[in-house]
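Chemist: Got a predicted model here, sequence first, then my questions.
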Amino acid sequence: MTSLDFKKRVSHRLGFCRMLQLVFGPFLRLFCLRQLVSRLLEAYPLPILLKHSSISIRCWSDILAYLEIFYTGVYDPVFSKTPIRTYCDLGCQSGFALFRLGNLTHPPTQGLLIDGNPHAIRRCKKNLLDSRYQGIHVVHGVVGCGGGEFHGSAPFLIRPNELECSLAQGSFPTKESDVIPVPVVTLEKEWLRLIGPRTCDLLKIDVEGAEKIILQKDSIFFSRVKRCVLEWHGSTTNRTEITTLLERLGFGEFEDLWDSPQAGVVACRNLTHPGGIQG
């Protein structure tokens, strides 16, 4: 059980990070500081040494992702539990969650990382090349778009703050953003193709509002998942709706790692999986 002190610490640190974004956001846009910092970091990446590897900060969004994953430690209670040998990350960004996992315990022996943002995919691959990790596959694509709704690709919204990139669900690009076509992939097929018929010890989902779509339309994969940690976003769903969908897929023992009216992070176990109810 996650302690109350941990939840308070995460809530305070996440709140602080998001307050900074709100306060300084207008100045970043007005003076193009985000673009300037990103160009500087692209030319001169900031290396960070970890226990089993190293990563590099290569853009403004990497700074925010590092603060969210390493500074707040929001995923730490899940990452620190039983050894995670097989790992899947939807919305992997630059791969920082994978490296936080490896830094806390040991790197997974096999992993599948998926993101719709091509810039984040390039940064993720560079971080993997710089690390000693093996058996990790990175795929550019979106999941949860099956059923004939799209023909091979889906519209994906690229925002200046790349942590907010998402499926373009009725959204229109602004002067600073753009919509691009991204390949549609089936999660179960990709896992079988790259990992094989193995159990997924941990599935992490942070897809900026598309979590409900994935739970509804790409649900076959969840039968092989032991544990799941998911960030939900109030713009498209709520905690009750998400936990109801997860319960239908056999998950239970829900635990809030972070919770707010706008968003939250919930962890759970697959109670129908042979290894899902063990530690």
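Modeler: Received the coordinates, thanks. Keep in mind the model is a prediction, meaning the values are calculated, not measured.
Chemist: ranges for the strands of the stretch 101-250 of the chain?
Modeler: Per DSSP state E, counting those that start in this stretch, the stretch 101-250 of the chain carries strands over the ranges 110-115, 136-140, 153-158, 166-167, 178-183, 200-205, 225-233.
Chemist: Check those strands for me: which has the lowest mean pLDDT.
Modeler: Ranked by mean pLDDT, these bottom out at strand 166-167, with a mean of 86.
Chemist: ok so K51 is a strand residue?
Modeler: No - assigned with DSSP: H, G, I helix; E, B strand; the rest coil, K51 falls outside any strand and is coil.
Chemist: List the contacts of it.
Modeler: 102-103 (C-beta atoms under 8 Å, 6 or more residues apart in numbering). In this view, the C-beta of every residue, glycine as well, is placed from N, C-alpha and C.
Chemist: can we see that at 6 Å?
Modeler: N103 (C-beta atoms under 6 Å, 6 or more residues apart in numbering).
Chemist: how far away is it from T82?
Modeler: As judged by C-beta to C-beta, to the nearest Å, K51 and T82 stand 19 Å apart.
Chemist: F70 now?
Modeler: Distance from F70 to T82, by C-beta to C-beta: 22 Å.
Chemist: more crowded one of those two?
Modeler: F70 (19 against 13; other C-beta atoms under 10 Å).
Chemist: Ignoring the adjacent residues along the chain, who's closest to the more buried one?
Modeler: R100 (5.9 Å; C-beta to C-beta, 6 or more residues apart in numbering).
Chemist: burial count for the one you found?
Modeler: R100: 19 neighbours (other C-beta under 10 Å).
Chemist: dump the residue contacts of I63.
Modeler: I57.
Chemist: pLDDT at it, what is it?
Modeler: pLDDT at I63 comes out at 91.
Chemist: Now name the helix or strand holding it.
Modeler: Assigned by DSSP states H and E, I63 falls within helix 60-66.
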